[in-house]
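>>> sequence first, then the predicted structure, then my questions.
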Amino acid sequence: MRSWRNKKYPYYENPEIRDLKDLLAIKAEAHPDKPCFVYPVDGGQKSKTYLDLYNDVNALGSWMYARKLQGKNIAIIGENSYEWIVTFLAAINGGNVAVAIDKGLPEDEIGVLMKKGDCDAVMVSGACKGKLPKKSARKVYCMDDFEAYLEEGRGLLNKGKTEFKKYNVQQDKTAAILFTSGTSGFSKGVELTNRNIAFEINNTCKLFQLEGNIVAVLPFHHAFGLIVGIMMVLYFGQTAYINKSLKQVKNNMEEFQPQTMFLVPLFVEFFHRQIWAEIKKRGKEKAFRTLMKSTNAMKRIGIDVRKLTYDSIRKVFGGKLQYIICGGAPLDPMYVKEFRAWGIEILNGYGTTECSPCTAVNRPFHHLDGSVGQIVPGIDARITDEGEVVFRGDLVMKGYYKDPEATDMVLKDGWYHTGDLGYITDDGFIMLTGRKKNLIILSNGENISPEELEMDIARDDAVREVLVYDEQSKIVAEIFPDEEHMGDQAYFEALKDKVNKGRPLYKQIVRVKLREVEFIKNASMKIVRHKNIFPQQ
């Protein structure tokens, strides 16, 4: 444990990589026999070392070259898997463009994105092959035949076909197209270069040092799940267990005992809700809150008994979990404080696909509750006159693929305009206050950020999900309740009165609507506002 106690301390020093091809070569030499990935297969599990990964990427890349897949756009569609990762690395390390597409999309949307991404070929998992629209790409390859592709690639390498291995990665060439989640409109293809990805890894890893295993649960087609949750793990030379079913997350954690988890708020909220449900079930809520106050007070005077006291909670996560890196959506500071009380530090971060994706993250020994973290070193950040957070630096995307109009709307003089409102503290922490596009502008001219009201409502255990919006100049809160409170309008009217108490009249919720199904969400598990808000119902 470091001696620093929530104050500035030096950045971590790590060797820099030039690109992901460089990363694989360095790690294969440094940790040839160390597992980089472990994943379930046919009731058991399989392990791949760093040398295995390096060799498999070279084999698949050589196989791609034999198929004339050079300088092409290659779609990757499938569940999280080792094959998915190898395909991604082989594509970009040979000069192709990896086009990552969400397997959960309907067939017609997959077709639209493949067309939008100019995909010449597609690598698809067996489970997703049936979702491919007809004539979606000239060449379709299935991950079920992955071992055959690798075997052929190894044969080519043995015959001296080393063009792929010798390919010199161009830093400013587009490496990947990752589609935005589309919370307020149609998905756009974000072009990330090799320089973007390498810069992101080199500089974000100066803020945090991974020192143990992880369980990978976030989708690989999403920038957070792929670049932060996988590529940075490789950069640190650690091991990732690839979760293939969310139903198995708890079992995976218990078995693999991660030191760190990369999660979106939905997971944090779920685990928190499950923990408190068990405590309440045993009738121990009041006693447990008293215990938390006591152990927090002891910690403040230098006596830390959390590991022993909350052993049963820590066992839910495998017993060794120290950190949760959380991003992708706003997280109520209440969760940070309660998990910290149990001995697990949530390091809230902030980013966007267009910035590769991480732009800020709280540090293990220098954090500010309520913030989304310290700005990643090496980039510029400022607040515009309108209060918008903007960034400039080598992690900012090349642009939206073949969409100059959309690119010009967010990239201005090299600054990426996030659409988020906030401010930067003197210590370099970013505080967010809402979304520019989400602002509710009432007929009286008052501007209201719905996120502020949503966070207060969501703190109630009876609320699973909530959206706040304007309906005929009145503030409406639409709630998806938990099972016990489904249809209980009286309960939520009382909650509305509680949330309104002390607020100015223009900031008060006028109406509560209850729904029976979850809100529509995107790949990063954020509620998609434009698909969920239906005024004048």
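It's in.
>>> from now on I want contacts and neighbour counts done on CA atoms only, so please keep to that.
Will do.
>>> buried ones in the helix or strand of the chain with the lowest mean pLDDT?
Ranked by mean pLDDT, DSSP states H and E, the helix or strand of the chain with the weakest confidence is helix 529-532, at a mean of 74. Under the neighbour-count criterion of 16 or more other C-alpha atoms under 10 Å, helix 529-532 has R529 buried.
>>> try stretch 304-318
In stretch 304-318, counting by 16+ other C-alpha under 10 Å, buried: 306-307, 310, 313-314, 316-318.
>>> those in helices, which ones?
Residues from those lying in helices, with DSSP state H as the criterion: 306-307, 313-314, 316.
>>> for the residues you listed, give me CSV that also has distance to K72.
Below are these laid out as CSV (distance: C-alpha to C-alpha, whole Å):
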residue, distance to K72
R306, 53
K307, 51
I313, 48
R314, 46
V316, 44
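>>> format those residues as CSV; extra columns: distance to K526 and pLDDT.
Shown next, in CSV, are these (distance: C-alpha to C-alpha, whole Å; pLDDT from 0 to 100):
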residue, distance to K526, pLDDT
R306, 32, 96
K307, 32, 92
I313, 26, 95
R314, 27, 94
V316, 25, 93
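>>> nearest to N348 among the buried residues of stretch 304-318?
Closest approach to N348 among the buried residues of stretch 304-318 (C-alpha to C-alpha): F317, at 18.2 Å.
>>> surely the closest one touches E254?
Yes - the criterion here is C-alpha atoms under 8 Å, and F317 meets it with E254 at 6.0 Å.
>>> what about A175, neighbour count?
By other C-alpha atoms under 10 Å, the residues close to A175 number 28.
>>> helix, strand or coil for it?
strand (DSSP: H, G, I helix; E, B strand; the rest coil).
>>> now do it against V233, distance only.
Distance of A175 to V233, computed by C-alpha to C-alpha, to the nearest Å: 19 Å.
>>> mind listing what's buried in whichever strand or helix holds I110?
Applying DSSP states H and E as the criterion places I110 in helix 107-116. For helix 107-116, a neighbour-count test (16+ other C-alpha under 10 Å) marks 110-111, 113-114 as buried.
>>> ok, and what's touching that helix?
75, 101-103, 131-133, 136-137, 189 (C-alpha atoms under 8 Å, 6 or more residues apart in numbering).
>>> out of those residues, give me the two with the largest separation.
When the contacts of helix 107-116 are compared pair by pair using C-alpha to C-alpha, the maximum separation belongs to K131 and G189, at 20.2 Å.
>>> which one's more surrounded, the two?
G189 (23 against 18).
>>> once you drop chain neighbours, what's closest to that one?
F179 (4.4 Å; C-alpha to C-alpha, 6 or more residues apart in numbering).
>>> okay, that neighbour: pLDDT?
You'll see F179 listed with a pLDDT of 94.
>>> residues near it, how many?
25.
>>> that one contacts L192, doesn't it?
No - using C-alpha under 8 Å, F179 is not in contact with L192, being 10.6 Å away.
>>> before we move on, back to that, from the contacts of helix 107-116, which single one is nearest K159?
Among the contacts of helix 107-116, and counting by C-alpha to C-alpha, the member closest to K159 is A75, at 28.4 Å.
>>> what is the burial count for the closest one?
A75 has 27 neighbouring residues, counting by other C-alpha under 10 Å.
>>> the one 4 residues further on now?
Other residues near E79 number 22, with proximity taken as other C-alpha under 10 Å.
>>> quick one: contacts for it?
103, 125, 219, 244.
>>> which residues does the most centrally placed residue in the chain contact?
Nearest to the mean C-alpha position of the chain, counting by C-alpha atoms, centre = their mean, stands F224 at 3.4 Å. Counting by C-alpha under 8 Å, 6+ apart, F224 touches 218, 327-328, 353, 357-358.
>>> which of the helices or strands spans L347?
L347 belongs to strand 345-351, assigned by DSSP H and E.
>>> quick check: mean pLDDT across that strand?
Rounded mean pLDDT across strand 345-351 is 97.
>>> ok, A59 - contacts?
149-154, 156-157.
>>> now, among the residues you listed, which is nearest to P10?
For the contacts of A59, the nearest to P10 is L150 (43.3 Å; C-alpha to C-alpha).
>>> doesn't that closest one belong to a helix?
Yes - applying three-state DSSP, one finds L150 inside a helix.
>>> just the element for the residue nearest to I457 when sequence neighbours are not counted, please.
Setting aside the residues directly before and after it, I457 is nearest to V499 in space (C-alpha to C-alpha, 6+ apart), at 6.8 Å. Taking DSSP H and E as the definition, V499 sits inside helix 489-500.
>>> hang on, A360 packs against S371?
No - A360 is not in contact with S371 according to C-alpha under 8 Å; the separation is 9.5 Å.
>>> name the residues contacting each of the two.
429-430.
>>> what about these two, which has more around it?
S371 (27 against 23).
>>> so what's T353 up against?
Counted by C-alpha under 8 Å, 6+ apart, T353 has contacts 178-180, 190, 222-224.
>>> that should have said K7, apologies.
365-367.
>>> could you check how far it is from I101?
In this structure, K7 and I101 are 41 Å apart, going by C-alpha to C-alpha.
>>> with V57 instead?
20 Å.
>>> ok, the two, which is more surrounded?
It is V57, of V57 and I101, that has more neighbours when counted by other C-alpha under 10 Å, with 28 against 23.
>>> for the helix or strand harbouring that one, buried residues please.
V57 is part of helix 50-66 when elements are defined by DSSP H and E. By neighbour count on 16+ other C-alpha under 10 Å, the buried set for helix 50-66 is 50-66.
>>> now do the contacts for the residue lying farthest from the centre of the chain.
In the chain, the residue that sits farthest from the middle, by C-alpha atoms, centre = their mean, is K159; the gap is 41.1 Å. K159 sits next to no residue when contact means C-alpha under 8 Å, 6+ apart.
>>> all helices for the stretch 351-500 of the chain, in order.
404-410, 450-458, 489-500 (DSSP state H, counting those that start in this stretch).
>>> that should have said the stretch 201-350 of the chain, apologies.
223, 232-235, 249-256, 265-281, 285-300, 306-309, 311-316, 333-341.
>>> now do the helix holding I110, average pLDDT.
In this model, helix 107-116 has a mean pLDDT of 91.
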